[in-house]
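In: show me how the following folds:
(6 chains)
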Number of protein chains: 4
Amino acid sequence: MDKREQIRQGAIEVIAQKGFHSATTQVIAREAGVAVGTIYNYFDSKDAILNYIIEVECKSRTRFLRQMIETEWPVSRKLRAFLEMHFDQIRENPALARLMLQECRFAGREETDPVRDRYMTIPRLLGQMLADDPDEVAIQIQGTALFGAVQAFTLQLLLTPESPEVTTVIDYLVDLFPGQ
Amino acid sequence: MDKREQIRQGAIEVIAQKGFHSATTQVIAREAGVAVGTIYNYFDSKDAILNYIIEVECKSRTRFLRQMIETEWPVSRKLRAFLEMHFDQIRENPALARLMLQECRFAGREETDPVRDRYMTIPRLLGQMLADDPDEVAIQIQGTALFGAVQAFTLQLLLTPESPEVTTVIDYLVDLFPGQ
Amino acid sequence: MDKREQIRQGAIEVIAQKGFHSATTQVIAREAGVAVGTIYNYFDSKDAILNYIIEVECKSRTRFLRQMIETEWPVSRKLRAFLEMHFDQIRENPALARLMLQECRFAGREETDPVRDRYMTIPRLLGQMLADDPDEVAIQIQGTALFGAVQAFTLQLLLTPESPEVTTVIDYLVDLFPGQ
Amino acid sequence: MDKREQIRQGAIEVIAQKGFHSATTQVIAREAGVAVGTIYNYFDSKDAILNYIIEVECKSRTRFLRQMIETEWPVSRKLRAFLEMHFDQIRENPALARLMLQECRFAGREETDPVRDRYMTIPRLLGQMLADDPDEVAIQIQGTALFGAVQAFTLQLLLTPESPEVTTVIDYLVDLFPGQ
DNA sequence: AATGAATGAGTTTTCATTCAT
DNA sequence: GATGAATGAAAACTCATTCAT
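Out: Numbering: from 1, shown residues only, chains lettered A, B, ... in the order given. Predicted structure coming up:
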C-alpha cells in the first residue's frame, strides 16, 4: 500500500540483478507492481530511486553505529554487534548487499554529492566506534581500514560460495581491530 | 603511433571522469585523438576497452605480487614494497585509480567473468604474500582484509583532499598485517 | 488510431519508394505520423515490419486462392477472378505491388524462412487452382509458370507506362493456362 | 591476373551468399584476393560492381538471344536452345543465378536506370524470338510471360531440392510457348 | 492518484570510401 | 598499381520521461 516502499523494494531486486543501467523503469515498475508513470509520482527520476535506496541503507548503518558509540560497552563488543548486524542483513537481503557494492561508485564524479557524503560517513563512524577521539588521525585510519575489510568480505561472500564462515570472519575482524 | 595504447589512455581519462556508461565512444575517440571507427579497428566493442584496461592494470598488480611472493624478503618488507608501488601509481595516474574503483564492481552479475576472475586474484595473491601456505583459511582472510583496506584508503585518497598522509597509511597497514 | 496499421501503411510507401535498406526508421516514422520509438512499441525490429507487410499481402492472396479452389466454377473463371483481383489491387496500391516485387527475393539466404514459405505457397495454390490433383508434377509446373508470368506482367506494368492493357494480359493468361 | 574479373568473381560469390547489402567490400576483397583499395582502382563504387555483374550477365543472355533471332531455326528449336543454355549456366554457377534473382530489384526506384533497361531487354528479345514482328503487342506479352515463367522456375530450382526435372520444365515451356 | 502509450534524444556500431605509403 | 589503416556519416534501436485519460 505504501507505494514508495513498494517501488524501493522492486527497484532493489531489479537493480541488484541487472545493474542500475540495465534496470529499466518498465521492469522496476512491473516488479514493484505499479505503472511506470506511478514511479514519477514518488521519485523525481530513476537516479532518485537509487539515491533513496542507498540513503535508506546508509541511515540504517549510521543509526546503528551512533547507538553503539553512545553505549558503554567495550569496543570489541560494539564491533562484534555491528558486524553481526551487518552480516545478518546481508544474509537476509543479499540483493540489497549486491546493489550497495555494485552501485556505490562515487569516485569523484561530481564535486558535491550528498549520497556520497552520507556513504563516507560510515568509515568515520566506524573509526569513532573503535576509539572515541574524533580528531585522532590514527582512529580515522582504523575506521577506513575496517570499512574496506568489511566490504571486501561482503563481496567475497556474495561471489564465492566456498567463502570462509561468517563467524570466522567476525572473530578475525574483532581480533584485528582492537581500537587502541 | 600505437593506436591501441592511445585509445586505452583516452578511454581511461574519459571513463574515470564520467563513468563507463556516460563515456561515449565519440568522446573517447576525441580524447584519444582518433576517429570513432578507429576504435573498432582495435577493440571489438566499448566493453572490450574497459576489459582491456582492467586486464592491463590487474596484470601489473599480479605480476608485482608474484615477484614479491618469490622473494626471500621478510613479509613486512614485501608488503611495504607493494603498498609503495600501489600508492605511487595512484599518484601518477589518479584517473586510472578512479576508474578501477568505479568500474571493478562485479557483484555477481554473470556466472563466469574472466575479468572478475583476474581481479579477484589480487586478494588471493595478497594472502599468499602475507604467508605462503595457500590452503590456510586464515591467510585468505588476511588477504581479503588487506585488499579491502587498501581499496578503502585509495578511495579516500581520491575523494577527500585532507586524507591522511600516504606514509602514515602504509606504516599503519604494515603494522596491522604482520602475516603471522 | 490503429498505430500498427498506420506504421504498416507508412512503411509500405517508404519502402516501395526507396527500397527496404534505404528506408530508415526515421523516415518510416515520419511517413506514418508517429515517433521512431512508437514503431518499436508495435514491431520488434525494422525487419519485422517488412515481414508483417509481406505476411498480410500473402494471406490476402492465399485466402482468395483457397476460396477459388473450393468453388465449383470452371477453371478459366477461377483464374480470371484471381487475375482481376490481383491487377485491381495493383492499381489501387501500386506502392505495395512495387514493394512485393522488390523485397520478396528470398533466393535461399537462410535455410528456413517462414515468410518465404508463406510466399512460395502462392505458386502451389495457383497450381491447385488450375487442376485439383496436388500430386501431379505437371500441375505444380503450371502453377510456377503462371506465378512467374503474373509477376513479370506486374513488373512491366509498374515500370513501363506503355504496357499492354491489363484486360489483354488477363485474356492472354486465361487462354494460356487452360489447366488440362 | 585480370583484377577486374577477379573482383567480379569474388563479388559474385560473396553477394550470392550474403546479399548485396551484407556483402562488405572487405569480404569481397578477401574473396577476390585483392586489397580493398584495389577494388576502387577498377570500380567507382560498390554499386558499380553489382551493376557490372548484372550487365555482363544480361549481355550474355541478349547476345545469345540475338543470335537465335537471326537464325533460321524453327521457333521451338530456338526456344529450346535458349532454355538449355540458361539452365546449364544455372547449374554451372548457381551463385550467379542466386545473385541475379536476389539483386535485380529495379521496381521504379530511379526514373532512368541503364542496368534496368538492359535487364528489361531480355523479355523483349524473348518475344522477338518467339515471333519476329516487334510491333505486335501479343508478341511482347508472350515474351514477358516466358521471361517470368523462366524466372520462377529458376527460383524454385535454387530453393527447393525436390524441384521438377529441368528437362521436364524445358519440355513444358517449349510446348507452352509455340510463338503463334 | 494511477496508468501506459507516445516520445525523440542519445548511443553503439558498421562500412563504403579515401589516401599516404 | 597495390595496399589497408583511418575515417565519420549514417542507421537501428533503447529507454527515461511525459501527459492525456
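
In: DNA strand E contacts on chain A?
Out: Selection of chain A residues close to DNA strand E by C-beta under 7 Å from any atom of the strand yields A:3, A:34-38, A:40-42. The way it works is simple: take the backbone N, C-alpha and C, and place the C-beta from them, glycine included.

In: which of those residues count as buried?
Out: A:34, A:42 (16 or more other C-beta atoms under 10 Å in any protein chain shown).

In: and which of the residues of chain A next to DNA strand E is nearest residue A:161?
Out: Nearest to residue A:161 among the residues of chain A next to DNA strand E: residue A:34, at 34.6 Å, using C-beta to C-beta.

In: would you mind listing the residues in contact with the closest one?
Out: Residues in contact with residue A:34, defined by C-beta atoms under 8 Å, 6 or more residues apart in numbering or on different chains, are A:3, A:6-7, A:10.

In: quick one: whichever residue of chain A sits closest to DNA strand E from DNA strand F, how far?
Out: The minimum distance from chain A to DNA strand E, using C-beta to the nearest atom of the strand, falls at residue A:37 (1.8 Å). As defined by C-beta to the nearest atom of the strand, to the nearest Å, residue A:37 lies at a distance of 4 Å from DNA strand F.

In: so that residue: helix, strand or coil?
Out: helix (DSSP: H, G, I helix; E, B strand; the rest coil).

In: sec struct for residue A:112, please.
Out: Taking three-state DSSP, the label given to residue A:112 is coil.

In: so where do the strands sit in chain A?
Out: Counting by DSSP state E, one finds no strands in chain A.

In: pretty sure residue A:168 contacts residue B:141?
Out: Yes. Counting by C-beta atoms under 8 Å, residue A:168 sits close enough to residue B:141 to count as a contact (7.0 Å).

In: who's more crowded, those two?
Out: Between residue A:168 and residue B:141, counting by other C-beta atoms under 10 Å in any protein chain shown, residue B:141 is the more crowded of the two (24 against 13).

In: isn't that one up against residue A:163?
Out: No. Applying C-beta under 8 Å, one finds residue B:141 not in contact with residue A:163, separated by 9.6 Å.

In: tell me where chain A has helices.
Out: With DSSP state H as the criterion, chain A has helices at A:3-18, A:25-32, A:36-42, A:46-70, A:75-92, A:94-103, A:114-130, A:137-159, A:166-176.

In: just name the most buried of these.
Out: Among the helices of chain A, the stretch with the highest mean neighbour count (mean count of other C-beta atoms under 10 Å in any protein chain shown) is helix A:137-159, at a mean of 23.

In: could you name the helices and strands sitting against that helix?
Out: Under the contact criterion of 3 or more C-beta pairs under 8 Å, 6 or more residues apart in numbering or on different chains; DSSP states H and E, helix A:137-159 touches helix A:75-92, helix A:94-103, helix A:114-130, helix A:166-176, helix B:114-130, helix B:137-159, helix B:166-176.

In: mean pLDDT added to the ones you listed, as a markdown table?
Out: Rendered in a markdown table, the data for those read as follows (pLDDT from 0 to 100):
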| stretch | mean pLDDT |
| --- | --- |
| helix A:75-92 | 95 |
| helix A:94-103 | 94 |
| helix A:114-130 | 91 |
| helix A:166-176 | 94 |
| helix B:114-130 | 92 |
| helix B:137-159 | 92 |
| helix B:166-176 | 94 |
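
In: of those, which approaches residue D:55 most closely?
Out: Nearest of those to residue D:55, taken as C-beta to C-beta: helix B:114-130 at 51.0 Å.

In: excluding sequence neighbours, find me the nearest residue to the residue in chain A that chain C sits nearest to.
Out: Chain C sits closest to residue A:26 of chain A, with a gap of 11.4 Å, by C-beta to the nearest C-beta. By the measure of C-beta to C-beta, 6 or more residues apart in numbering or on different chains, the closest residue to residue A:26 outside its immediate chain neighbours is residue A:36, 5.9 Å from it.

In: so who does that neighbour touch?
Out: For residue A:36, the contacting residues are A:25-26, A:29, by C-beta under 8 Å, 6+ apart.

In: where's it relative to residue B:51, distance?
Out: Look at residue A:36 and residue B:51: by C-beta to C-beta, to the nearest Å, they are 33 Å apart.

In: what does chain A have sitting close to DNA strand F?
Out: Residues of chain A lying close to DNA strand F by C-beta under 7 Å from any atom of the strand are A:21-26, A:36-37, A:40, A:45-47.

In: how does it look with 10 Å?
Out: With C-beta under 10 Å from any atom of the strand as the criterion, chain A meets DNA strand F at residues A:18, A:20-29, A:35-41, A:43-49.

In: how's chain A carved up into domains?
Out: With domains defined by automatic domain parsing, chain A comprises A:1-43, A:46-176.

In: turn these into TSV, columns for distance to residue C:120.
Out: Converted to TSV, these look like this (distance: least, C-beta to C-beta, whole Å):
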stretch	distance to residue C:120
domain A:1-43	39
domain A:46-176	48
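
In: closest one to residue B:68 among those?
Out: domain A:46-176 (19.5 Å).

In: and stretch A:125-139, how far out from the chain's middle?
Out: Chain-centre distance of stretch A:125-139: 20 Å, with C-alpha atoms, centre = their mean, to the nearest Å.

In: ok, and what's touching it?
Out: Residues contacting stretch A:125-139 (C-beta under 8 Å, 6+ apart): A:62, A:65-66, A:68-69, A:75, A:78-79, A:82, A:124, A:140-144, A:146-147, A:177, A:179-180, B:164, B:168, B:172.

In: now residue A:140: how far from residue D:13?
Out: 70 Å.

In: the closest residue to residue A:152 other than its chain neighbours: what's it in contact with?
Out: In space, and not counting its chain neighbours, residue A:152 is closest to residue B:148: 2.7 Å by C-beta to C-beta, 6+ apart. By C-beta under 8 Å, 6+ apart, the contact list for residue B:148 reads A:147-153, A:155, B:123.

In: which two of the residues you listed lie the greatest distance from each other?
Out: A:147 and B:123 (15.9 Å).

In: can you give me the distance of residue A:133 to residue D:111?
Out: Distance from residue A:133 to residue D:111, by C-beta to C-beta: 88 Å.

In: so between these two, which is more surrounded?
Out: residue A:133 (11 against 5).

In: run a quick neighbour tally on residue A:161.
Out: Quick note: residue A:161 (other C-beta under 10 Å) scores 6 neighbours.

In: backbone dihedrals for residue A:165, please?
Out: Backbone torsions for residue A:165, taken as degrees, to the nearest 10, come to phi -60, psi 140.

In: can you name the residue of chain A nearest to chain D?
Out: residue A:22 (28.9 Å).

In: burial of that residue, as a residue count?
Out: When counting by other C-beta under 10 Å, one arrives at 12 neighbours for residue A:22.

In: same question for residue A:163.
Out: The tally of other residues near residue A:163 (other C-beta under 10 Å) stands at 19.

In: make CSV from the contacts of residue A:34 and add distance to residue C:89 and pLDDT to it.
Out: Output for those, formatted as CSV (distance: C-beta to C-beta, whole Å; pLDDT from 0 to 100):
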residue, distance to residue C:89, pLDDT
A:3, 53, 93
A:6, 53, 97
A:7, 52, 98
A:10, 50, 97
